[in-house]
Structure formats: C-alpha cells, structure tokens
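S.K.: show me how the following folds:
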Amino acid sequence: MSYIEDYFPLFLQERYWYPMSVSVGRSLIFSSRLLNLSVLRYSVTTDCGRKLFSPQSFSMASSIASANIAAQDFHDFLVLDFEATCIRNGRLAPQEIIEFPVLKVSGRTFEVESEFHTYVEPQVHEVGEFCTELTGITKEMVAGKPHLPDVLEMFHDWMQKEDLLSNETKSIFVTCGDWDLKTMLPGQCDYCKLPIKPYFNQWINIKKPFARVTGEYPKSMMAMLERLDLKHVGRHHSGLDDCKNIAKILKAIAERKFRFIPTGAKR
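M.R.: Next up is the predicted model:
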C-alpha cells in the first residue's frame, strides 16, 4: 500500500472529491479517503502491472469542475497586476512599470493555464528603498531586464503563442482596480510615445463583480479574500502573487453563477 499512499497527497488539494475503491493484487481495499479528480496527473500501477488510474480515464474532471460555473462570454480571462516605481510620500513622474505579470485563466474551468512574467528595468527613476519595502523588488532584480517597449513586444508574442489574438478567441483583462490599464500603462506609454495595442482598451475591475455578488464594495484585494474565505498566497504587492490571488477571487465569483462583463474601457 505504500506506493498507493505516496500518491494520495497529489489528490488532496482541490475542491471536487469522490469516494474510491482500489484493487491491489488480489484483495479489494476500500479507502475512506477521497480522490480529487481535478488534479490527477499521474498513472498509478499495482505491483502486478494493473493500471489503477490514468489521466485519460478522468478526462471528465474538468467538466465536473465547471459544473457550477455559468457560461461566459469570454474564452479566457487575463489577470494582470503591475508593480511600478514609487516613493513614500508623493508620486513619481513618470511612474514606471517594474513588474509585468499576466495569468491566462480558462473561461470554462477558471483554472490558470499559462503565465507571462518579467521584471522591467525603469529608464528614468531607479527602484528605491520604499519601493523595495512595498513590493519586494530590488534594483538588482530589474537591472538588465528589458525596458517597457521590449516587454510589450514580448507580451504580444506571448499573446500570439497562446492563440489569444485569433478572431475566434475572445479574451479580456482582469485587474484589481482601474489603475493598471486606465492610468499606469497609458501614462507610461504616453511618456515613451508608444502605441497601445487595442486589447488593452477593455478590462474587468474585479472589485465590481465582487460588489455585485456580495453587496459590498471592497477596499482592497485582501478584503475580498477575507470576505470570500480564501487564503492569501505569496507576498502582497508582488505582482505575480497578486495575480494568483485575484485569479482565486475571479474563480470564487464565477462559482456563484456570475457572468462577467467588461467594467472599464479606455476612451
């Protein structure tokens, strides 16, 4: 049984659980444990060569996982959360993006399917002590990293690779607040005289769907996690970790049968 038990931790992470019985050798063993179909990634075989589980045998898992989720108008949700140069009292001009993370989330299962992430070297102001204290990003972490014009090209290439630019694929960005795509990116692109791709012109501010389903407009991402009884992961104000937490909020709202619509647009 040890080889079976070694695999159980892989199955005990997510939300969808089913009772199981396992045949090992000549005896039938009924387990009081529960098998999570949605995270099965391995085949398990007995010492007599009989295959017990395989990913193919549980292809139904994703449809089970999405059973409580309303049909959406979007194939993918792109969760985005910039980090930028900052000072303790006041605002830098220009403020510059120093972390550019995006998670591609399936509009059917609301699971993360792909990730784009890079640090960005600022060209005007270096990362200062307060910025490091807030975000965990040091000037050494951004030194030698691509500047924003190159990052935008890299991101566009990633969008193409993920088939997000196809006319048959409908996607939308998801942010926590309107600042990222209403203020930060347009402001820096204007300063650098860079064109903004049309796909950045529309987004969902996750605070607004949250308010619709709970009746409360949240002050912060942390408040939403607490209200939805979700555990915070990583470091707050790490762009990538914030994206992971926003994706959890997005999924929790979707599981309440909420159908997402755009809440913000560039005019």
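
S.K.: and the host helix or strand of Gly187, what other elements does it pack with?
M.R.: Using DSSP states H and E, Gly187 sits in helix 185-192. Applying 3 or more CB pairs under 8 Å, 6 or more residues apart in numbering; DSSP states H and E, we find helix 185-192 packed against helix 148-161. (Each C-beta comes from the backbone N, C-alpha and C, glycine too.)

S.K.: and for the helix it packs on, what's in contact with it?
M.R.: Here helix 148-161 makes contact (CB atoms under 8 Å, 6 or more residues apart in numbering) with 96-97, 100, 102, 116, 118, 120, 123, 146, 165, 188-189, 192, 194, 197, 199.

S.K.: among the residues you listed, which ones are buried?
M.R.: 96-97, 100, 102, 116, 118, 120, 146, 188-189, 199 (16 or more other CB atoms under 10 Å).

S.K.: would you list every one of the helices in the stretch 51-200 of the chain?
M.R.: Ranges of helices in the stretch 51-200 of the chain, per DSSP state H, counting those that start in this stretch, are 61-65, 129-135, 139-142, 148-161, 179, 185-192.

S.K.: adding mean pLDDT and distance to Phe74, write these out as JSON lines.
M.R.: Putting the helices of the stretch 51-200 of the chain into JSON lines (pLDDT from 0 to 100; distance: least, CB to CB, whole Å) gives the following:
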{"stretch": "helix 61-65", "mean pLDDT": "47", "distance to Phe74": "17"}
{"stretch": "helix 129-135", "mean pLDDT": "97", "distance to Phe74": "29"}
{"stretch": "helix 139-142", "mean pLDDT": "98", "distance to Phe74": "32"}
{"stretch": "helix 148-161", "mean pLDDT": "98", "distance to Phe74": "14"}
{"stretch": "helix 179", "mean pLDDT": "98", "distance to Phe74": "22"}
{"stretch": "helix 185-192", "mean pLDDT": "97", "distance to Phe74": "20"}
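
S.K.: need these in CSV (columns: distance to Asn89).
M.R.: As requested, those are arranged in CSV below (distance: least, CB to CB, whole Å):
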stretch, distance to Asn89
helix 61-65, 46
helix 129-135, 9
helix 139-142, 20
helix 148-161, 25
helix 179, 18
helix 185-192, 20
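
S.K.: for Gly239, find the nearest of these.
M.R.: Evaluated with CB to CB, these place helix 129-135 nearest to Gly239, the distance being 7.6 Å.

S.K.: show me what that closest one is in contact with.
M.R.: 83, 85-88, 98-99, 137-139, 237-239.

S.K.: what's the closest of those to Ile69?
M.R.: Using CB to CB, Gly239 comes nearest to Ile69 of those, at 26.2 Å.

S.K.: hmm, which two among the buried ones among the contacts of helix 148-161 are most spread apart?
M.R.: Greatest spatial distance among the buried ones among the contacts of helix 148-161 (CB to CB): Glu96 and Tyr199, at 21.3 Å.

S.K.: circling back: nearest to Ala247 among the contacts of helix 148-161?
M.R.: Ala247 lies nearest to Val102 out of the contacts of helix 148-161, by CB to CB, at 10.6 Å.

S.K.: give me the beta-bridge partners of that closest one?
M.R.: Val102 has these beta-bridge partners by DSSP bridges: Leu80, Phe116.

S.K.: measure Gly239 to Val120 for me?
M.R.: Separation of Gly239 from Val120 (CB to CB, to the nearest Å) stands at 10 Å.

S.K.: okay, and the common contacts of those two?
M.R.: Counting by CB under 8 Å, 6+ apart, the residues touching both Gly239 and Val120 are 99-100.

S.K.: just confirm Met222 is within a strand.
M.R.: No: the assignment for Met222, made by DSSP: H, G, I helix; E, B strand; the rest coil, is helix rather than a strand.

S.K.: show me what contacts it?
M.R.: By CB under 8 Å, 6+ apart, the contact list for Met222 reads 232, 236.
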